[in-house]
Each structure stands twice: as structure tokens, then as C-alpha cells.
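> Provided below are the primary sequence and the corresponding predicted coordinates.
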Amino acid sequence: MSALALAAAVLSGFLHAAWNAAVKASGDAKAAMTAQVVAAALIAGLLLPVVGPPAPASWPWLAASSALSIATLVTTRRAYQAGAFSVAYPVSRAMAPALVMVVGPLFGFGWPGPMGVVGLVLIGLGVLAFMKPPPSGPVSAAIPWALVTGVLTAGFVLVDSTGVRLAGSTLSYGLSVSMLNGLGFIALERGDTWGAVRRHWRLAVFGPLASLGSYLLILWVWATAPPALGAALRDTSLVFAALIGWRLLGERPTRLTWTALALATAGVVVLRFA
């Protein structure tokens, strides 16, 4: 995998972890997630007429991506409401590469080579380490939602990897999905959407920069590299999420946490040579 694609995936992971941490730190995950998604849709709607629509061949994939993204946002929010960010986020994110590797051939993507499989296994072992806290309290309540989020994430990785290759423009495809996500979220919430944006105006201003940047970067990676490897590399966000949870959210890491981070980091290093 090229150094440029690796750097783009890692930066995408950092930006993704950052805006998710901001949602968790807000104290009101539901309203904060709504503010971030709606603001991103407004920005995308303003930019889309300038860049133009994606090719019609990508439209069914674009619609499917938006439906999966909205479902993922809802389950992610429920996971954050139920438990620790540094557990819920890594579990949900790092499931996707393994699932994409298994299901990818059905979408026309080949199997990774031996180094790719080793890297994915190392990341998977890191996930298993994250999933072994005591089975009581808020952490265990978050894990079912995190697992569902992981399955949905794998779904939109495969859908986006196909759709963006048919779109003719990564930017146009990404902005279109972001705009549809916002419209779908407004319809789903049926609540005080604009009130949420006003209450969390800082996240509404800065959150979309991180979320749109993260999404556009990883779309470019998925358009040019095997989706399973791109998804795994993006999930260096696992490392960033745990560090953010520790340094900014007061979630003390355990010895098991450091073991999981070491395994995931080793997996990323191996994937550089896949």
C-alpha cells in the first residue's frame, strides 16, 4: 500500500476519532450528533452545486450508503449513551476490516495477501482485548450497540468502495452522501433539530470540518486501494480514541487497554507492507 494512501487513512482515523470524542464529551450525545450531522449537510449542500453531481451509475450505491450511515450514526450514539467511549468506539470501528475481508469478494474485491491477513488478525486480537472488561456496568451495556455498529460500518465500507469508483469524483460522491445523511437525520429525529444546532454551535462549526475531511480522505483511499486494508488502516482511530478517552475524557486505561493498543498498532505497521 502506498505511503500516501497510508497517511490519508491514518489522518482520516484521527479526524474521525476527534469528532466522535467531541460528541461524547458534549454531555448530550443525541443533540450533539444531530448538530454535527446537520451542519455537515448544510456545508455539503452549499458545495455540491459547485462541484456537480456524481455519475448516475453511483446513485443507487449513494442512497444505500446514506441509509447505512444514518443507521450507524444512530447505533453509535446509543453506544456512547450506554458506556465508555474508549471501549464503545474501538469495538465498533475495528470490527469492520475483518468483515469487509470476508464479504468483500462478493462485491468483486479480492482477498488480501498474507501480510494483509496478518495485519487484520492483529487488529482483531486488539478488539478482543478491548471486549474483555468486567461484564457489569456501563461498558457491557455499550458492547451490543458497538457490535451492531461494526456490522453496519462494514456494510457502508463495501457500498462506498463500490459507489465512489462509479461516481467519477470522490468529492462529489462524498458531499452527496453527507447531504443525504443530514436530510435523513432530520426526518428521523422529528425533534428540535435547529435547537440542537444552537445549543452545540461550537461542534456545529468545527465538527463538520473533521467529519467531512475524514470521510473524503477515506473515500479516496477506498477508491484507490483494497477496501479491507483501507478500512483497517483508517481504524488507527482505535489508538487515537483510547488516547483521547484517557487524556481528555478521564477514562483511565488499564493494562488490557495498553495490550489492545499494542496489538492494533502492530497490525497497522504490518499493513503498511501488505
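Here it is on my side, so go on. Residues are numbered from 1 along each chain as shown.

> Thr34 and Phe185 touch, don't they?
Yes: in this structure, Thr34 is within contact of Phe185 by C-beta atoms under 8 Å, at 6.4 Å. Just so you know, the C-beta spots here come from the backbone N, C-alpha and C atoms, and that holds for glycine as well.

> of these two, which one has the most company?
Thr34 (30 against 22; other C-beta atoms under 10 Å).

> list the buried residues for whichever strand or helix holds Val205?
Using DSSP states H and E, Val205 maps to helix 201-224. By 16 or more other C-beta atoms under 10 Å, the buried positions in helix 201-224 come out as 203-204, 207-208, 210-224.

> which SSE is immediately downstream of that helix?
helix 227-234.

> residues in contact with that next one?
1, 5-6, 9-10, 12-13, 16, 96-97, 100-101, 104, 109, 112, 116, 119-120, 123, 154, 157-158, 161, 218, 221-222, 267-268, 271, 274 (C-beta atoms under 8 Å, 6 or more residues apart in numbering).

> which of the residues you listed are buried? Put it as a ChimeraX command.
Remark: buried members of the contacts of helix 227-234, expressed as a ChimeraX selection using 16+ other C-beta under 10 Å:
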select :1,5,6,9,10,12,13,16,96,97,100,101,104,109,112,116,119,120,123,154,157,158,161,218,221,222,267,268,271,274
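
> which residues touch Ile218?
Under the criterion of C-beta under 8 Å, 6+ apart, the neighbours of Ile218 are 8-9, 12, 230, 234.

> could you give the mean pLDDT of the host helix or strand of Ala79?
Ala79 is located in helix 59-82, with elements delineated by DSSP H and E. Here helix 59-82 scores 85 as its mean pLDDT.

> for that helix, which positions count as buried?
59, 61-82.

> got the angle for it vs helix 201-224?
Going by axes from the mean of the first three to the mean of the last three C-alpha atoms, to 10 degrees, helix 59-82 is angled at 130 degrees with respect to helix 201-224.

> just use 13 as the starting number from now, easier for me
Fine by me, first position is 13 from now on; the one you just mentioned is helix 71-94.

> run through who's touching helix 71-94.
32, 35-36, 41-42, 45, 49, 66, 100-101, 104, 150, 153-154, 157-158, 160-161, 164-165, 167-168, 171-172, 174-175, 178-179, 185, 188-189, 192-193, 196-197, 200.

> at 6 Å instead, please
36, 41-42, 45, 100, 153-154, 157-158, 160-161, 164-165, 167-168, 171-172, 174-175, 188-189, 192-193, 196-197 (C-beta atoms under 6 Å, 6 or more residues apart in numbering).

> from Leu195, how far off is the closest residue to Leu23 other than its chain neighbours?
In space, and not counting its chain neighbours, Leu23 is closest to Leu229: 5.9 Å by C-beta to C-beta, 6 or more residues apart in numbering. To Leu195, Leu229 is 23 Å away according to C-beta to C-beta, to the nearest Å.
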